[in-house]
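Trainee: Please work out how this folds:
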Amino acid sequence: MLEKVIDAGTACGSFALAGEALWQLAEIEVATKQVERRTRQIGTERCVERDAETAAYLALPLVERKGVPSGVMAPEVVVERSVVATKQDAYRFGELPACAAWQRGFYGSSRKAFWGMVRVRMGGVWERHFSSFTPIVDFIHALTYVYQGAMAGRSFAAGWPHDVEWISSLWSGDVAAVMAGLAAWQAVLGAPEESDAETSPRRKLAESLGYIRNQQERMKDGEYRQAGLPITTSQVESTIKRINQRVKGTEKCWSEAGSESILPLRADLLSEPDPLAAFWHRRANRAGGERRQTGRTRPHTLSA
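Mentor: Residues are numbered from 1 along each chain as shown. I've put the predicted structure just below:
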């Protein structure tokens with residue numbers, strides 16, 4: 001029954017809804033506070049396990065951390081998803097995906113990509129843990145800056161042809177053409193002045209040009225597509241939304257410990273094949289019980 005309580009407490013939008021679901025679907029009567037306490041207890045246990053695994057990984061010699069674990073084959077195609085989550089800072093967070101990537105053998109793959117929001121890269125995650133991975137800017141994110149630059153100081157009708165032209169160049173990996181077009185338009189509008197408002201065309205154009213210049217080494221989209229690498233963060237963004245569905249929202253109040261304890265459980269729920277099934281086996285063995293079947297057979301949802 002404990003597994004059902006934890007599943008409900010993790011999957012439902014609140015502990016109260018989890019209690020209702022347990023009664024409606026399984027005729028198990030559990031008070032809301034009891035669902036919360038038990039979910040927090042198991043979530044804390046998962047935090048302890050997660051942190052111990054990460055510490056053991058970080059204690060390995062560098063050559064082993066950047067290699068493939070014994071008994072693991074480096075995949076050429078990703079067919080399963082590992083999700084990690086924490087409220088801690090970028091420095092601590094970076095250790096979690098690094099450990100998960102090592103466990104999956106990603107460091108030994110011939111094609112490796114790191115993509116995400118720029119602020120995550122600036123937090124040092126890529127530099128410290130994934131420097132052998134190809135860093136890629138989200139194409140949709142770059143697209144917004146190109147559109148902003150094309151429309152700065154222009155009507156939609158006048159700016160749209162430039163936007164289409166520059167997006168096509170960006171798609172093919174010709175970032176130089178995009179920078180040249182933005183620079184040429186800046187020569188007409190002029191550089192931003194101190195008196196310009198934050199939303200003025202000149203400031204918006206300068207912001208777009210600066211972004212493209214700073215990120216140009218991570219915008220080789222033509223090469224990335226030919227190599228079969230992803231160019232958008234859609235998988236990451238959708239996963240973040242599913243994490244947030246449980247932990248964010250109106251009328252949700254968390255303690256620091258409570259919010260951290262729900263995150264590994266929610267991450268496990270979204271991971272493949274099913275980390276919680278393995279956890280329950282380990283927990284039973286630690287308690288001296290026999291290894292048992294949980295009947296958990298969630299289908300995979302990520303095929304590429």
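
Trainee: From here on, just use CA atoms for contacts and neighbour counts.
Mentor: Fine.

Trainee: Helix or strand: which one has the residue sitting nearest the centre point of the chain?
Mentor: Nearest to the geometric centre of the chain sits Val236, at 4.0 Å (Cα atoms, centre = their mean). Assigned by DSSP states H and E, Val236 falls within helix 234-247.

Trainee: Tell me the pLDDT of the residue nearest to the centre of the chain.
Mentor: Val236 carries a pLDDT value of 87.

Trainee: Check the spacing between it and Gly67 real quick.
Mentor: For Val236, the distance to Gly67 equals 24 Å [Cα to Cα, to the nearest Å].

Trainee: for this structure, which helix is longest?
Mentor: Ranked by residue count under DSSP state H, the longest helix found in the chain is helix 32-58.

Trainee: going on from that helix, what's the next piece of helix or strand?
Mentor: helix 62-65.

Trainee: buried set for that next one?
Mentor: Using 16 or more other Cα atoms under 10 Å as the test for burial, helix 62-65 gives Arg65.

Trainee: And for stretch 154-172?
Mentor: So stretch 154-172, judged by 16+ other Cα under 10 Å, has buried residues Gly159, His162, Asp163, Trp166, Ile167, Ser169, Leu170, Trp171, Ser172.

Trainee: what comes into contact with it?
Mentor: Residues outside stretch 154-172 that contact it (Cα atoms under 8 Å, 6 or more residues apart in numbering) are 143, 146-147, 150-152, 175, 177-178, 181, 219-222.

Trainee: Can you pick out the most distant pair from these?
Mentor: Ala152 and Gly222 (26.5 Å; Cα to Cα).

Trainee: the more surrounded of those two?
Mentor: Ala152 (23 against 15; other Cα atoms under 10 Å).

Trainee: Can you tell me how far that one is from Ile212?
Mentor: From Ala152 to Ile212 the distance is 15 Å (Cα to Cα).

Trainee: swap in Asp51?
Mentor: In terms of Cα to Cα, Asp51 sits 38 Å off from Ile212.

Trainee: more crowded one of those two?
Mentor: Ile212 (21 against 14).

Trainee: How about the more buried one: what's its closest non-neighbour residue?
Mentor: Of all residues not flanking Ile212 in the chain, Met179 sits nearest, at 6.9 Å (Cα to Cα, 6 or more residues apart in numbering).

Trainee: burial measure for that neighbour, as a count.
Mentor: Met179 has 21 nearby residues by other Cα under 10 Å.

Trainee: Touching, it and Tyr211? I think so.
Mentor: No. Counting by Cα atoms under 8 Å, Met179 sits too far from Tyr211 to count as a contact (9.9 Å).

Trainee: Could you list the low-confidence segments of the stretch 1-150 of the chain?
Mentor: By pLDDT under 70, the weakly predicted segments of the stretch 1-150 of the chain are 116-123.

Trainee: all helices for it, in order.
Mentor: Along the stretch 1-150 of the chain, counting by DSSP state H, counting those that start in this stretch, helices occupy 2-11, 15-26, 32-58, 62-65, 90-104, 118-122, 125-129, 139-151.

Trainee: what comes into contact with the last one?
Mentor: Contacts to helix 139-151, defined as Cα under 8 Å, 6+ apart, come from residues 158-160, 162-163, 166-167, 178, 182, 204-209, 211-212, 219, 221, 231-232.

Trainee: Out of these, name the ones that lie in strands.
Mentor: Of the contacts of helix 139-151, none are assigned to strands by DSSP state E.

Trainee: So which of the residues you listed sit within helices?
Mentor: 158-160, 162-163, 166-167, 178, 182, 204-209, 211-212, 221.

Trainee: What's the separation between the residue of the chain most remote from its centre and Arg154?
Mentor: Taking Cα atoms, centre = their mean, the residue of the chain most remote from its mean C-alpha position is Val188, at 39.7 Å. Using Cα to Cα, we find Val188 at a distance of 12 Å from Arg154.
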